[in-house]
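Undergrad: need a 3D model of the sequence below.
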Amino acid sequence: MVIVMTLLPLAGAVLNGLLGRRFPRSLVTAIACGMPLGSLLCALAAFRSATRLIHPVDREIDVALFTWLQADAAGIPLDISLGFLFDPLSAVLVLVVTGVGFLIHVYSVGYMANDPGYRRFFACMNLFLFSMLVLVLADSLALMFVGWEGVGLCSYLLIGFWHEDPAKASAGMKAFVVNRVGDVGFVIGMLAYFAAFGTLGIAGEGRATVVRLLPDTAASARVAIALLLFAGAVGKSAQIPLHVWLPDAMAGPTPVSALIHAATMVTAGVYLVARLNFLYVYAPSAGMVIAVVGTVTALVAGLAALAQRDIKRVLAYSTISQLGFMFLAAGLGAYAAAIFHLVTHAFFKALLFLGAGALIHALHGEQDLFRMGGLHRSLRAVFWPFLVGALALAGIFPLSGFWSKDEILLSALEHGHPILWGMGLAAAAITAFYSARLVVLAFLNRPGGAESSGHVASLHRPGLSMTLPLAVLAVFTFAAGLLGLPRSHVIEDFLRPVWLVSAPAMTERDALAPLLAPGLINALIALLLSVTAGGLGWYLYATGSGTLRKWLVRRPRGIRLHAWAQAGFGIDALYERLGVRPLRVSAFLLWLGLDVLLVDMGLVAGTGAMVRRMSDAIRRLQSGLVTHYAVVTAVGAILLIGLMLERAAAGWLFGM
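TA: This is a model prediction of the structure:
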């Protein structure tokens with residue numbers, strides 16, 4: 001069942017990619033959407049079978065595939081066997097990937113209906129799902145890396161899908177290159193992992209071997225391995241300082257953005273840290289680094305989202321910020337809270353991106369928030385689900401985002417990190433503010449203002465294939481919060497067998513009385529801040545009397561700060577100045593010195609010129625005049641006779 005579930009999207013990619021030109025549009029659509037649906041049904045069946053097992057330990061199903069490599073590396077036997085691991089953690093991720101992925105495929109049928117690259121788009125989307133399933137189900141770092149690179153390749157293909165536009169092609173290349181920076185750390189971390197433990201396994205016997213050897217491994221080695229592997233997560237999950245690719249990834253079609261942000265790729269880093277929990281338990285310093293990076297990212301990306309005009313860039317920075325919350329929890333050992341937020345975020349972020357796509361589709365490609373507005377009545381089927389997603393993002397009770405974000409903030413409080421808790425609260429308040437700004441500018445502002453055109457008269461209304469997934473995702477955005485209600489802890493209890501040891505947030509939670517007051521106070525403070533910040537954002541932008549930008553424009557420093565935030569705080573410009581430009585200059589000098597001067601002008605042109613000059617010299621000897629030939633012959637004969645006489649004279653003299 002697990003193998004079939006994984007291979008179905010690959011089959012769809014192969015069929016549409018290689019044979020799709022011969023298929024009618026209806027068959028391409030059926031294959032593209034049918035394969036993810038089949039994977040979802042297989043995932044549900046496997047999940048049901050696993051949950052029927054009485055003992056939680058038995059819910060770990062390791063499906064052996066084949067032995068990839070057997071060798072002897074410097075006296076260490078290298079045996080890399082590939083297999084799939086289906087346990088509670090991978091089950092949750094598989095359901096999210098296939099469920100949300102299927103809805104995005106259905107939505108794409110309407111969104112990409114008139115695109116000439118329809119077949120190619122769905123082939124890449126199916127391949128994206130397959131790669132993510134391989135990553136999630138891998139029972140070793142070796143197979144995980146195959147899926148890891150697969151999602152990187154697919155992101156490059158889909159972000160630069162409209163490659164005829166140089167800017168869009170450049171965005172795809174940027175995502176590919178920045179991710180390679182993090183992948184260098186991942187590869188080095190894998191090699192160090194193997195050198196330290198003699199295996200690349202992360203499940204079954206491989207995991208048991210690592211757990212047995214970890215206590216005797218040097219603390220510095222444990223921290224180094226943990227941080228190197230986290231470097232890969234920083235690139236893939238767009239954390240500071242490798243987050244710069246994700247806002248530019250909005251160049252791709254909106255369904256691609258939804259798939260990357262909600263169900264694939266950017267969640268891979270969080271999954272990696274959670275899957276390797278047995279390693280990070282023994283490297284608390286690395287865990288603290290993860291928590292700090294996540295908290296800073298959540299705050300900085302939230303501030304950047306405040307200043308964006310492009311609706312998709314607002315959501316992109318929002319994703320970076322929410323991933324920061326997940327890493328905050330994972331770094332503190334609250335893995336269940338991180339995965340819970342990953343699940344809820346998948347639903348409401350897919351909902352927001354697909355809603356934004358429907359809005360862009362209706363406005364004929366318009367993405368500027370200040371050129372929208374007045375659409376809440378004209379696009380009710382888009383507005384109401386979008387509002388649900390925005391409220392969940394803002395952490396408003398009783399939507400799922402409230403429960404999952406509350407768990408993360410509570411974990412920071414319980415682990416004794418008030419500074420991280422305070423920064424998390426600030427990031428949550430900022431999230432509520434830009435969520436309100438997003439809804440007001442996109443739907444509620446009156447059209448016809450100085451910057452708002454509305455385009456109500458010429459709306460391209462989305463069809464059922466685009467609005468139905470929005471409704472379904474809105475329902476799941478409500479329902480997902482039930483998985484983590486304070487007294488039930490469904491997802492926490494389900495995932496408990498995966499963790500090597502229970503984090504304090506898990507073991508102490510059973511004693512509800514001591515934690516009831518802190519948990520309630522934390523929830524009330526977070527909710528109060530979110531409601532206040534959201535209300536402030538609503539007031540500033542809904543009244544039209546003064547936006548944040550209008551308030552700042554009266555202050556020179558303020559408007560510079562706004563422009564700085566809009567540019568992502570200049571991190572892209574810094575990389576351009578310190579990295580890209582020197583590389584371009586170096587590449588130009590190498591091209592000039594090696595390719596032009598040495599190869600072209602030296603080896604190629606120089607050799608040709610030398611041969612040509614020699615040929616010209618020889619050609620001049622053959623003038624076609626008999627007198628010239630006679631002179632040359634006479635001179636040659638004289639030289640030859642002289643040489644013979646000189647040798648004869650020398651022989652006669654020495655002979656005497």
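Undergrad: burial measure for L495, as a count.
TA: 22 (other Cβ atoms under 10 Å). C-beta here means a position set from N, CA and C on the backbone, and glycine is covered the same way.
Undergrad: that one sits in which helix or strand?
TA: Assigned by DSSP states H and E, L495 falls within helix 490-495.
Undergrad: from the chain's centre, how far out does that helix sit?
TA: Taking Cα atoms, centre = their mean, to the nearest Å, one finds the center of helix 490-495 at 26 Å from the center of the full chain.
Undergrad: ok, stretch 374-391 next?
TA: Distance of stretch 374-391 from its chain centroid, counting by Cα atoms, centre = their mean, is 27 Å.
Undergrad: how about stretch 260-270?
TA: Taking mean C-alpha positions (Cα atoms, centre = their mean), stretch 260-270 and its chain are 6 Å apart.
Undergrad: one more: stretch 417-435?
TA: Centre to centre, stretch against its chain (Cα atoms, centre = their mean), the figure for stretch 417-435 is 23 Å.
Undergrad: just for the stretch 351-500 of the chain, where's the confidence low?
TA: The stretch 351-500 of the chain contains residues with pLDDT under 70 at 446-457, 486-488.
Undergrad: next, the buried residues of stretch 476-483.
TA: Of the residues in stretch 476-483, F476, T477, F478, A480, G481, L483 count as buried by neighbour count, 16 or more other Cβ atoms under 10 Å.
Undergrad: okay, buried residues for the helix holding L495 please.
TA: I491, E492, F494, L495.
Undergrad: among those, which one sits closest to V106?
TA: I491 (25.9 Å; Cβ to Cβ).
Undergrad: for the closest one, which non-adjacent residue is spatially closest?
TA: Distances taken as Cβ to Cβ, 6 or more residues apart in numbering place L483 nearest to I491, at 4.2 Å, with adjacent residues excluded.
Undergrad: ok, that neighbour - contacts?
TA: L483 sits next to F340, V343, V490, I491 when contact means Cβ atoms under 8 Å, 6 or more residues apart in numbering.
Undergrad: from those, which two are the most distant?
TA: Of all pairs in the contacts of L483, the most separated under Cβ to Cβ is V343 and V490 at 11.0 Å.
Undergrad: partner strands of the longest strand along the chain and their direction?
TA: In the chain, taking DSSP state E as the definition, the longest strand is strand 61-73. If you go by DSSP bridges, strand 61-73 pairs up with strand 76-86 (antiparallel).
Undergrad: which elements pack onto the helix or strand containing I3?
TA: Using DSSP H and E, I3 falls within helix 2-14. With contacts taken as 3 or more Cβ pairs under 8 Å, 6 or more residues apart in numbering; DSSP states H and E, helix 2-14 sits against helix 25-52, strand 61-73, strand 76-86, helix 118-137.
Undergrad: and the third one with helix 25-52, angle?
TA: I take that to be strand 76-86. 100 degrees (axes from the mean of the first three to the mean of the last three Cα atoms, to 10 degrees).
Undergrad: now strand 76-86: mean pLDDT?
TA: What strand 76-86 shows for mean pLDDT is 79.
Undergrad: just how off-centre is stretch 30-42 within its chain?
TA: Remark: stretch 30-42 is offset 23 Å from the chain centroid, using Cα atoms, centre = their mean.
Undergrad: please identify the buried residues of it?
TA: Neighbour-count burial for stretch 30-42, counted by 16+ other Cβ under 10 Å, picks out I31, A32, C33, G34, M35, P36, L37, G38, S39, L40, L41, C42.
Undergrad: returning to what we had before: could I get the buried residues of helix 490-495 as CSV with distance to L640?
TA: Converted to CSV, those look like this (distance: Cβ to Cβ, whole Å):
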residue, distance to L640
I491, 102
E492, 104
F494, 102
L495, 99
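Undergrad: now for those: which two are most distant?
TA: For the buried residues of helix 490-495, the maximum inter-member distance is 7.3 Å, found between E492 and F494 (Cβ to Cβ).
Undergrad: so where's the stretch 1-150 of the chain uncertain?
TA: 53-59, 72-77.
Undergrad: so what's L200 up against?
TA: Listed by Cβ under 8 Å, 6+ apart, the contact partners of L200 are I80, S140, L141, A142, M190, Y193, F194, G206.
Undergrad: quick one: which of the residues you listed has the most company?
TA: Per-residue neighbour counts (other Cβ under 10 Å) across these peak at L141, which has 25 neighbours.
Undergrad: got a list of what that residue touches?
TA: Per Cβ under 8 Å, 6+ apart, neighbours of L141: M190, Y193, L200, G201, I202.
Undergrad: hmm, try it at 10 Å
TA: By Cβ atoms under 10 Å, 6 or more residues apart in numbering, L141 lies in contact with 80, 148, 186-187, 189-191, 193-194, 199-202, 206, 229, 272, 275-276.
Undergrad: what do you get for F476?
TA: V96, G99, V100, L103, V343, T344, A346, F347, F348, A350, L351, S400.
Undergrad: can you rerun that using 8 Å?
TA: F476 is in contact with F347, counting by Cβ under 8 Å, 6+ apart.
Undergrad: quick one, phi psi at it?
TA: When read as degrees, to the nearest 10, the backbone of F476 gives phi -70, psi -30.
Undergrad: look up how far F353 lies from it.
TA: F476 is 14 Å from F353, where distance means Cβ to Cβ, to the nearest Å.
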